[in-house]
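>>> okay, sequence plus prediction incoming.
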Amino acid sequence: MNIERTQHIGHYGVTFTVMRFTVVPENRNALANLCVREAKTRARQVRDQISRLYEKMLARDLPCDMAVAVSFPLSRSQADRLNDQNVLIKQIFSGAVKAPGVAVSTVAAGFVGDSISGKLRRYHAGDIIIGLDASVKGGIGPQRSILSMHVYSGES
């Protein structure tokens, strides 16, 4: 399995190490030994997720193109900017629910805002963001699946 490693600088200056490789049925067992050193203590969990994602793709005898992106630990300003983005998302959704001049809609908008806040991740300095991407072309048509993980600074 040939592994291509590159670096990518994304939004807010977050730098990712990106690994791209193609998995065929003959080398799918190699996923269990994949070196994901950037994930630190969560490397085993990342390898497990990669294996599950490959199995989920049901590639059979088709090649499965995979990519793993692991961020460098976030700086304080990067974490703050990502959290500010979450506040904007919360405001957009709760504003969409609120109808002008209706008291009940204000309560509903607050509930939606609180519900969304509970689902959005909070980022801290030192956190690591991990993204997994898999795609298969052929069979019944192209398939793609994406998975993300968040390693908190105290866990890495």
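Alright, I've got the coordinates.

>>> quick check: residue 138 touching residue 62?
Yes - using Cβ atoms under 8 Å, residue 138 is in contact with residue 62, at 5.0 Å. Just so you know, the C-beta spots here come from the backbone N, C-alpha and C atoms, and that holds for glycine as well.

>>> who's more crowded, these two?
residue 62 (15 against 12; other Cβ atoms under 10 Å).

>>> the more buried one contacts residue 141, correct?
No - Residue 62 sits out of contact with residue 141 when judged by Cβ under 8 Å, with a separation of 11.5 Å.

>>> and residue 57, how many neighbours?
By other Cβ under 10 Å, the residues close to residue 57 number 20.

>>> next: the one 10 residues further on.
Residues near residue 67, counting by other Cβ under 10 Å, number 16.

>>> the closest residue to it other than its chain neighbours and residue 16, how far apart?
Spatial nearest neighbour of residue 67, excluding adjacent residues (Cβ to Cβ, 6 or more residues apart in numbering): residue 133 at 4.4 Å. Between residue 133 and residue 16 the computed distance is 12 Å (Cβ to Cβ, to the nearest Å).

>>> give the residues shared as contacts by the two.
Counting by Cβ atoms under 8 Å, 6 or more residues apart in numbering, the shared contacts of residue 133 and residue 16 are residue 69.

>>> which of the two has more residues huddled nearby?
Under the criterion of other Cβ under 10 Å, the comparison of residue 133 against residue 16 puts residue 16 first, with 20 against 17.

>>> tell me the contacts of residue 35?
Neighbour list for residue 35: residue 43 [criterion: Cβ under 8 Å, 6+ apart].

>>> following the helix-or-strand element of the chain with minimal mean pLDDT, which helix or strand comes up?
Least confident helix or strand, the chain: helix 103-119 with a mean of 48, by mean pLDDT, DSSP states H and E. Using DSSP states H and E, the helix or strand that follows helix 103-119 towards the C-terminus is strand 128-136.
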